[in-house]
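K.L.:
output the structure for:
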Amino acid sequence: MTWQTYLDEHQHRFVDELLAFVRIPSVSAAQNYAEDVGHAADWVAGRLRAAGAENVAVMPTDGHPVVYGDWLHAGVDKPTVLIYGHFDVQPAEPFDLWQSPPFEPEIRDGCVFGRGASDDKGGMLIPILAFEALMNSDAGVPVNVKFLFEGQEEIGSPDLPAFVAAHRAMLACDMIFSADGLQWSVDEANLVVGLKGLVGLEVIVTGPASDQHSGLHGGGIANPLQALSHVLASMKDLEGRIAVDGFYDSVIDLSDEDRAEIARVPFDEDAYIAELGVSDVFGEAGYSTRERLWARPTLEINGITGGYQGGGSKTVLPARASAKITCRLVADQKPDRIFECIRDHVERHLPPGVRATVERLQGSADPYLMPRRHNASQIAAETLEEIYGKAPYVTRLGGSIPVMSVFLKELGVHTTMFGFSIGDENLHAPNEFFRLANFQRGQQAYCRLLERLGGKAPPP
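P.N.:
Modelled structure (predicted):
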């Protein structure tokens, strides 16, 4: 039997299993769903065992668990491939905006509607089913396979760094593929090669011991809110370039080839402006909008607090003002170093008469960039071209996926994203859905990918 025949014969069962998986409300962000996250871990472990994986275990962390399994009988001359995904989901609120209950999945118009159907339960089930099909085919599984599925990705994978560091030997591999990822559109493939890192901080400026009468003391003492405004304005010039000393020191500049790849991806700037309701685009001079979104670092003020916020007027000189800032980073910037640069900038630009502290916020990630023509990504691109009939777009994302940097740091292996969701599937929003056509296409793609990795020539 071929793996394709096996997939065809069992597709109805696979869809039923996806529905059962989505019914588990494995919301990692809410403590009242913690038991359900555990149930999802048990479901995944059972599904791995049924597919033929060995050494399957639900493994604890300081938070939600992870699930591991492997099959290592392809031979020492074959690569070992680690496949990653996550079984936790975003909160489903507001419930009243769902056409059908988020944890009572329905099939409508060839799509499964339910929380987590696209992100990432449909995606992470795909390689398990592909592995099962290969196990039941005449050819067998052509590579050694390890699986690692986590239950805390939607809250930033806080316990994954320690877990991966403690289990390096168990997770040792030659290549890593993430089943949590996107294709460009229904008919266009996508290969993501870069993700931005993240560092967040809060600048707190203080002056008098308490709020003061602006008539009695205005002009006699410094105003923390005005001082903070001065500091914030000094961080970026009017052409969008960040004016913090050292901020760009480690940035890897875009090559001509990088810029050509980005320019190849369709982008309607007028539609982008209209969709966001702005009058024009704005950002660092010398770069296209897409280049800035994907491949240039940012410094954004997320919120400012200080002084009187109520209706009418209150003639007050505030005692305290603060601002929250996040920076999205690109290779090879480091969150610690960028925090230091901003902290030093605040000290140098703070007007006299006030004091400032700069506090690091929770949530941090290194930027991630695949080496050009990386072997795993090349094979993934070839597989996608075979499946879609055209070469994938080579793209980057402005968001962060911390676990990919964790794998690189602890295992020394880059991760190639090989997922089959599409950005319009309401990920993290009401009425999330996953196209069953891509559910089936992804199974075929993973079978072909593992065959290529095992050295089998693709069919003509």
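K.L.:
tell me how the protein divides into domains.
P.N.:
3-195+367-453, 197-251+297-364 (automatic domain parsing).
K.L.:
E275: which of these is closest?
P.N.:
Closest of these to E275 is domain 3-195+367-453, at 12.6 Å (criterion: C-beta to C-beta). Glycine gets a C-beta too; all of them are placed from N, C-alpha and C.
K.L.:
could you measure from the residue nearest the centre of the chain over to I342?
P.N.:
For the chain, the residue nearest the mean C-alpha position is I401 (3.4 Å; C-alpha atoms, centre = their mean). Distance, I401 to I342, by C-beta to C-beta, to the nearest Å: 23 Å.
K.L.:
R23 too?
P.N.:
45 Å.
K.L.:
which one's more surrounded, these two?
P.N.:
Legend: neighbour count by other C-beta atoms under 10 Å for R23 and I342, higher for I342 (24 against 19).
K.L.:
quick one, what contacts that one?
P.N.:
Going by C-beta atoms under 8 Å, 6 or more residues apart in numbering, I342 touches 201, 235, 244, 247, 299, 325, 327, 358.
K.L.:
quick one, longest helix in this protein?
P.N.:
Scanning the chain for the longest helix, with DSSP state H as the assignment, gives helix 3-22.
K.L.:
who are the packing partners of it?
P.N.:
helix 34-51, strand 111-113, helix 122-135, helix 436-453 (3 or more C-beta pairs under 8 Å, 6 or more residues apart in numbering; DSSP states H and E).
K.L.:
out of these, deepest packed?
P.N.:
helix 122-135 (a mean of 26; mean count of other C-beta atoms under 10 Å).
K.L.:
now do the closest residue to the residue nearest to the centre of the chain other than its chain neighbours, the pLDDT please.
P.N.:
With sequence-adjacent residues excluded and distances taken as C-beta to C-beta, 6 or more residues apart in numbering, I401 is closest to L195, at 5.5 Å. Note on L195: pLDDT of 93.
K.L.:
from L317, how far out is L195?
P.N.:
Distance of L195 to L317, given as C-beta to C-beta: 44 Å.
K.L.:
more neighbours: which of these two?
P.N.:
Higher neighbour count among L195 and L317: L195, with 28 against 23, using other C-beta under 10 Å.
K.L.:
the more buried one is in contact with P367, isn't it?
P.N.:
Yes: applying C-beta atoms under 8 Å, one finds L195 in contact with P367, separated by 6.7 Å.
K.L.:
overlap in contacts of these two?
P.N.:
Taking C-beta under 8 Å, 6+ apart as the criterion, L195 and P367 both touch S400.
K.L.:
how about the contacts made by S28?
P.N.:
37, 63-64, 88-89, 151-155.
K.L.:
A40 now?
P.N.:
Contacts of A40 (C-beta under 8 Å, 6+ apart): 21, 24, 26, 87-88, 151.
K.L.:
now intersect these with the helices, please.
P.N.:
F21.
K.L.:
let's have the contacts of A40 in JSON lines, adding distance to E9, pLDDT and neighbour count.
P.N.:
Output for those, formatted as JSON lines (distance: C-beta to C-beta, whole Å; pLDDT from 0 to 100; neighbours: other C-beta atoms under 10 Å):
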{"residue": "F21", "distance to E9": "20", "pLDDT": "98", "neighbour count": "23"}
{"residue": "I24", "distance to E9": "26", "pLDDT": "98", "neighbour count": "22"}
{"residue": "S26", "distance to E9": "29", "pLDDT": "98", "neighbour count": "29"}
{"residue": "F87", "distance to E9": "26", "pLDDT": "98", "neighbour count": "28"}
{"residue": "D88", "distance to E9": "31", "pLDDT": "98", "neighbour count": "26"}
{"residue": "G151", "distance to E9": "31", "pLDDT": "97", "neighbour count": "28"}
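K.L.:
for the protein, what spans make up the helices?
P.N.:
With DSSP H as the criterion, the chain has helices spanning 3-22, 34-51, 122-135, 160-166, 168-171, 214-217, 224-233, 256-264, 269-276, 289-295, 335-349, 375-388, 402-411, 436-453.
K.L.:
ok, which of the ones you listed comes nearest D96?
P.N.:
Relative to D96, the nearest member of those by C-beta to C-beta is helix 3-22, separated by 19.5 Å.
K.L.:
got the CA coordinates for the closest one in PDB?
P.N.:
The C-alpha trace of helix 3-22 is given here as PDB (Å, rounded to 0.1, in the frame of the first residue of the first chain):
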ATOM      1  CA  TRP A   3       1.000   6.300   1.800                       C
ATOM      2  CA  GLN A   4      -1.400   8.100  -0.500                       C
ATOM      3  CA  THR A   5      -3.800   5.200  -0.600                       C
ATOM      4  CA  TYR A   6      -3.700   5.000   3.200                       C
ATOM      5  CA  LEU A   7      -4.400   8.700   3.500                       C
ATOM      6  CA  ASP A   8      -7.300   8.400   1.100                       C
ATOM      7  CA  GLU A   9      -8.900   5.400   2.800                       C
ATOM      8  CA  HIS A  10      -8.700   7.000   6.300                       C
ATOM      9  CA  GLN A  11      -9.400  10.700   5.600                       C
ATOM     10  CA  HIS A  12     -12.900  10.500   7.100                       C
ATOM     11  CA  ARG A  13     -11.500   9.100  10.300                       C
ATOM     12  CA  PHE A  14      -8.800  11.800  10.400                       C
ATOM     13  CA  VAL A  15     -11.400  14.500  10.100                       C
ATOM     14  CA  ASP A  16     -13.400  13.000  13.000                       C
ATOM     15  CA  GLU A  17     -10.300  12.900  15.100                       C
ATOM     16  CA  LEU A  18      -9.600  16.600  14.400                       C
ATOM     17  CA  LEU A  19     -13.100  17.400  15.600                       C
ATOM     18  CA  ALA A  20     -12.600  15.400  18.800                       C
ATOM     19  CA  PHE A  21      -9.300  17.300  19.300                       C
ATOM     20  CA  VAL A  22     -10.800  20.700  18.900                       C
END
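K.L.:
ok, and what's touching that helix?
P.N.:
Contacts of helix 3-22 (C-beta under 8 Å, 6+ apart): 40, 43, 47, 87, 103, 105, 107, 112, 114-117, 121-122, 125, 129-130, 132-134, 136-137, 139, 434, 436, 439-440, 443-444, 447.
K.L.:
once you drop chain neighbours, what's closest to A53?
P.N.:
The shortest distance from A53 to any non-neighbouring residue, by C-beta to C-beta, 6+ apart, is to G69 (3.6 Å).
K.L.:
neighbours of G363, how many?
P.N.:
Using other C-beta under 10 Å, G363 has 15 other residues around it.
K.L.:
so it makes contact with G156?
P.N.:
Yes: with contact defined as C-beta under 8 Å, G363 reaches G156; the gap is 5.9 Å.
K.L.:
residues in contact with G114?
P.N.:
19, 22-23, 100, 102-106, 432-433.
K.L.:
just curious, which of these is nearest to E425?
P.N.:
Set against E425, the nearest of the contacts of G114 by C-beta to C-beta is F433 (5.3 Å).
K.L.:
so that closest one is in contact with E425, correct?
P.N.:
Yes: using C-beta under 8 Å, F433 is in contact with E425, at 5.3 Å.
K.L.:
of the two, who's got more company?
P.N.:
Set F433 next to E425 and count neighbours by other C-beta under 10 Å: F433 wins out with 25 against 21.
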